[in-house]
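J.: sequence plus the predicted model coming up.
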Amino acid sequence: RQSWATLDVRPNPFNPRTKIEIELDRAARVEVAVLDARGRVVRRFDAISMSRGLNSLVWNGEDQAGAPAPSGVYFVHVIADGRTMTRKAALVR
């Protein structure tokens, strides 16, 4: 059970951007990465301090270099307080 946080990605499927919503039961330093189906990092967000409650950021469907990521299934991977959570997201171009 992961009552320490919830993670949602919406809209899903998406084009051209999706909102990553992270709700925490307490403030924490959070790392967020978008991985492709093979587990490779497509986009990594800088570790940020998030407050208790609902926090959000936007993935614009681009890779780390700013190029459009291809259509496909991606995984939004969140690490907070040493705990992890992952949600699937589908990019449809």
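T.: Looks like it came in fine.

J.: quick one: mean pLDDT for stretch 72-82?
T.: Summarised as a single mean, pLDDT over stretch 72-82 is 95.

J.: please name the bridge partners of the residue nearest the centre of the chain.
T.: Centroid-nearest residue in the chain: V76, 3.7 Å away (criterion: CA atoms, centre = their mean). Partner residues in beta bridges with V76, using DSSP bridges, are V34, R87.

J.: that one contacts T84, doesn't it?
T.: No. Using CB atoms under 8 Å, V76 is not in contact with T84; the gap is 11.1 Å. All C-beta spots, glycine's among them, are computed from the backbone N, C-alpha and C.

J.: all helices for the chain, in order.
T.: Listed in chain order, the helices of the chain (DSSP state H) amount to none at all.

J.: what stretches of it score poorly on pLDDT?
T.: 1-3 (pLDDT under 70).

J.: rerun at 90
T.: 1-5, 81-82 (pLDDT under 90).

J.: OK, contacts around the spatially closest residue to I79 that is not a sequence neighbour?
T.: In space, not counting the residues next to it along the chain, I79 is nearest to E31; the distance is 4.4 Å by CB to CB, 6 or more residues apart in numbering. By CB atoms under 8 Å, 6 or more residues apart in numbering, the contact list for E31 reads R44, F45, A47, V78, I79, A80.

J.: of the residues you listed, just the buried ones, ChimeraX syntax please.
T.: Typed into ChimeraX, the next command selects the buried ones out of the contacts of E31 (criterion: 16 or more other CB atoms under 10 Å):
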select :45,78,79,80
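
J.: which ones are touching R44?
T.: When contacts are counted by CB under 8 Å, 6+ apart, R44 touches E31, V32, A33, V34, Q64.

J.: ok, now with 7 Å
T.: Each residue near R44 by CB atoms under 7 Å, 6 or more residues apart in numbering is listed here: A33, Q64.

J.: identify the bridge partners of it.
T.: The bridge-partner assignment for R44, based on DSSP bridges, gives A33.

J.: from I79, how far out is it?
T.: When CB to CB, to the nearest Å is the yardstick, R44 and I79 sit 11 Å from each other.
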